[in-house]
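1. Pasting the sequence and the predicted model now:
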Amino acid sequence: MTSKSSTETTKPSSSSEPSTIPVSSSSAPTVTLTELAETAPRTKESPAQRGALTILYNAISLDFIKHLAAGGVAGAVSRTVVSPLERMKIIFQVQGPGAATYHGVFPTLAKIWREEGAMGYMRGNGTNVIRIVPYSAVQFAAYEQLKTLLMESGKSELDTPRRLLAGAGAGLASVAATYPLDIVRTRLSVQSAQLASATANLPVGPDGRPVMPKLPGIWETIKTIVRTEGGVLALYAGLFATLLGVAPYVALNFQCYEVLRKYFTRPGESGPTATRKLMCGALAGSMAQTVTYPLDVLRRRMQVTSMTSMDYTYRNTWHAVTEMLRNEGVRGFYKGLIPNYLKVAPAIGVSFLTYEWCKEALNV
């Protein structure tokens, strides 16, 4: 969808009567406002101004709204499917070198079941879905808009550098829109795991299991962070590390998916089958995560470093990197990688598949 340049003048229809205002003496010709506007000097728009106007125009278009809706649904469905693995990954990532009580994928799943029951697998998922709906919506919609903006004249698809740039921009936009909710989701997952591990001091219920106290909700967690950790800025702790990790991850994710989607499309078909789309998304997510995973671990550490129960404290991102290397080595940056593979492959596959289904249903 293209917009007309603002340098073009829209003339009134022949049925409208132009307003006339005398501009000199009674003997001078009468000049209309429309004629004055047509003869007035014009300021030429710069490429940056035209680009900004294009983004603004597209942002309020119906297609943009549809892309937002499709992206939001895709995010909610994909994250709910893999919620247990998402929580396990976060627990692994934030464990310090001297406080590791969760070991291995299946032992950890069993430990969560034993200490928290089935609901333990979904702990923090409500927050995650509330966060992922706008996050995924903004990411997919921004990517579609940036693709249109960066498309070269006469071409039907982006080259690799432009596609990576569009993906990186989409990642930055989605993080900026939802980062405080990511902080809250991480805190709730960690608090629940720590509470479940401290069973010695908990009362025992009729079934012999420890009675778990009720954890604070989303709004209560936000208020606590703001009140006790330095105000509203505390909701953006670790933002720099997050941007470092998310921008290249999303860029690689979209790039790999687009390339694989084209590769798996048979001649004469408009696109791959649903199974192949799942496969494309799974492979794309796994490849992108392999490259950027250390940055994901780093951002999780920065998000929880101010919690008093953590056995580490980092002043800034660089300090976190040096301390992790000194105390945990390179392996510290890959904690939780295996469960993350188990989570990312189906999550990204389901996300792209759901997004394309929604686009087809919404006719975009």
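-> Happy to help now that I have it. Residues are numbered from 1 along each chain as shown.
2. What is the neighbour count of residue 188?
-> If you count neighbours by other Cβ atoms under 10 Å, residue 188 ends up with 23. For the C-beta atoms, the positions are set from N, CA and C on the backbone; glycine is no exception.
3. okay but it is in contact with residue 125, surely?
-> No: using Cβ atoms under 8 Å, residue 188 is not in contact with residue 125, being 9.6 Å away.
4. And the contacts of the helix or strand harbouring residue 74?
-> Applying DSSP states H and E as the criterion places residue 74 in helix 62-81. Applying Cβ atoms under 8 Å, 6 or more residues apart in numbering, the contact partners of helix 62-81 are 1, 58, 86, 125, 128-129, 132-141, 144-145, 346-348, 350-352, 354-355, 358-359, 362-364.
5. Show the buried residues in the residues you listed.
-> 58, 86, 125, 128-129, 132-141, 144-145, 346-348, 350-352, 354-355, 358-359 (16 or more other Cβ atoms under 10 Å).
6. re earlier: after the helix holding residue 74, which helix or strand is next?
-> Going down the chain from helix 62-81, the next helix or strand is helix 83-94, by DSSP H and E.
7. Count residues in the vicinity of residue 72, would you?
-> Residue 72, neighbours per other Cβ under 10 Å, totals 23.
8. which non-adjacent residue is nearest it?
-> If the residues on either side of it in the chain are set aside, residue 72 comes closest to residue 137, at 3.8 Å by Cβ to Cβ, 6 or more residues apart in numbering.
9. Next: residue 296.
-> residue 245 (5.1 Å).
10. How about the host helix or strand of the one you found, which residues are buried there?
-> In this structure, residue 245 sits in helix 239-263 according to DSSP H and E. Under the neighbour-count criterion of 16+ other Cβ under 10 Å, helix 239-263 has 239, 241-258, 260-261 buried.
11. For it, give the mean pLDDT please.
-> In this model, helix 239-263 carries a mean pLDDT of 92.
12. So what angle separates the directions of the next helix or strand after that helix and helix 62-81?
-> Counting by DSSP H and E, the element after helix 239-263 in chain order, helix or strand, is helix 274-304. Relative orientation of helix 274-304 and helix 62-81, computed by axes from the mean of the first three to the mean of the last three Cα atoms, to 10 degrees: 80 degrees.
13. what's the pLDDT at residue 7?
-> Residue 7 carries a pLDDT value of 43.
14. Check residue 126 too.
-> pLDDT at residue 126 comes out at 78.
15. and it, what is it in contact with?
-> So residue 126 contacts residue 218 (Cβ under 8 Å, 6+ apart).
16. That one is in what secondary structure piece?
-> Counting by DSSP H and E, the element that carries residue 126 is helix 125-150.
17. again, but for residue 230
-> Applying DSSP H and E, one finds residue 230 in no helix or strand.
18. For residue 122, what are phi and psi?
-> Dihedral angles of residue 122 (phi, psi; degrees, to the nearest 10) stand at phi -100, psi 10.
19. need the contact list for residue 226.
-> By Cβ under 8 Å, 6+ apart, the neighbours of residue 226 are 232, 234-235.
20. Closest to residue 176 out of the residues you listed?
-> residue 235 (12.4 Å; Cβ to Cβ).
21. what's the nearest residue to that closest one if we skip its chain neighbours?
-> residue 180 (3.9 Å).
22. neighbours of that neighbour, just the number please.
-> Residue 180 has 19 nearby residues by other Cβ under 10 Å.
23. SS state for it?
-> helix (DSSP: H, G, I helix; E, B strand; the rest coil).
24. Could you tell me how far it is located from residue 66?
-> Distance of residue 180 to residue 66, computed by Cβ to Cβ, to the nearest Å: 27 Å.
25. same question, residue 243
-> Note on residue 243: its distance to residue 66, by Cβ to Cβ, is 28 Å.
26. Same check on residue 266?
-> Using Cβ to Cβ, one gets 27 Å for the distance from residue 266 to residue 66.
27. and what of residue 240?
-> Taken as Cβ to Cβ, the span from residue 240 to residue 66 is 33 Å.
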